[in-house]
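Asker: Below is the structure, and that's it, no one-letter string:
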């Protein structure tokens with residue numbers, strides 16, 4: 001099949017061709033030692049570097065894809081595990097099913113990360129409200145007695161025991177402010 005379709009023509013030269021010994025030696029030396037010159041080596045190096053860079057980029061992309069798949073699989077596995085480990089509060093004796101924590105989950109139940117995040121946001125908002133209320137501007141009595149106490153300490157640097165009345169007044173005003181704050185929480 002392949003030999004019959006090939007159309008090779010062999011041409012015989014009737015004129016003898018002779019090459020000089022120098023040319024033959026030069027060509028045989030070139031074949032025996034395939035050294036490349038600097039330009040050829042530079043082109044070859046550039047080509048090898050570009051192939052290596054392309055392969056590295058392909059491997060990094062592949063690694064990123066594998067990491068993404070692993071993260072997604074672990075995330076699904078964790079969610080499944082959370083769902084399986086969640087038990088109703090009445091079964092483990094830690095509370096009734098009607099009792100609920102801040103997120104409405106029974107007290108004895110295992111909470112998912114989503115409900116824990118909601119609880120965390122709720123606690124953070126309470127802390128922010130607490131810090132807003134902590135300002136001394138809201139309790140002028142404490143601010144005034146504090147300033148009187150500081151002024152007394154400045155006037156009596158060496159005899160701070162002389163400021164006992166101001167200290168007692170400051171303690172009383174703080175106690176009243178604390179009681180007022182506790183009453184607002186009820």
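Answerer: Everything's here; your move. Quick caveat, the model's predicted, so the values are computed rather than measured.

Asker: For residue 42, give its distance to residue 7.
Answerer: Note on residue 42: its distance to residue 7, by Cβ to Cβ, to the nearest Å, is 42 Å. All C-beta atoms are positioned from the backbone trio N, CA, C, and that covers glycine.

Asker: So for the two, which residue has more residues nearby?
Answerer: residue 42 (11 against 5; other Cβ atoms under 10 Å).

Asker: tally of neighbours for residue 177?
Answerer: Residue 177 has 18 nearby residues by other Cβ under 10 Å.

Asker: Ok, the one 3 residues further on next?
Answerer: A count of nearby residues for residue 180, using other Cβ under 10 Å, gives 12.

Asker: Quick one, grab the pLDDT at it.
Answerer: With respect to pLDDT, residue 180 scores 85.

Asker: List the residues that contact it.
Answerer: With contact taken as Cβ atoms under 8 Å, 6 or more residues apart in numbering, residue 180 is in contact with residue 139.

Asker: how about a cut-off of 10 Å?
Answerer: By Cβ atoms under 10 Å, 6 or more residues apart in numbering, the contact set of residue 180 is 138-139, 141.

Asker: Now restrict those to buried residues only.
Answerer: Using 16 or more other Cβ atoms under 10 Å as the burial test, the contacts of residue 180 include 139, 141 as buried.

Asker: which helix is the longest one in this protein?
Answerer: helix 38-85 (DSSP state H).

Asker: Quick one: mean pLDDT over that helix.
Answerer: Mean predicted lDDT for helix 38-85 stands at 89.

Asker: Could you point out the helix or strand that follows that helix?
Answerer: helix 113-133 (DSSP states H and E).

Asker: now for that following helix, which elements pack on it?
Answerer: Judged by 3 or more Cβ pairs under 10 Å, 6 or more residues apart in numbering; DSSP states H and E, the packing partners of helix 113-133 are helix 38-85, helix 164-185.
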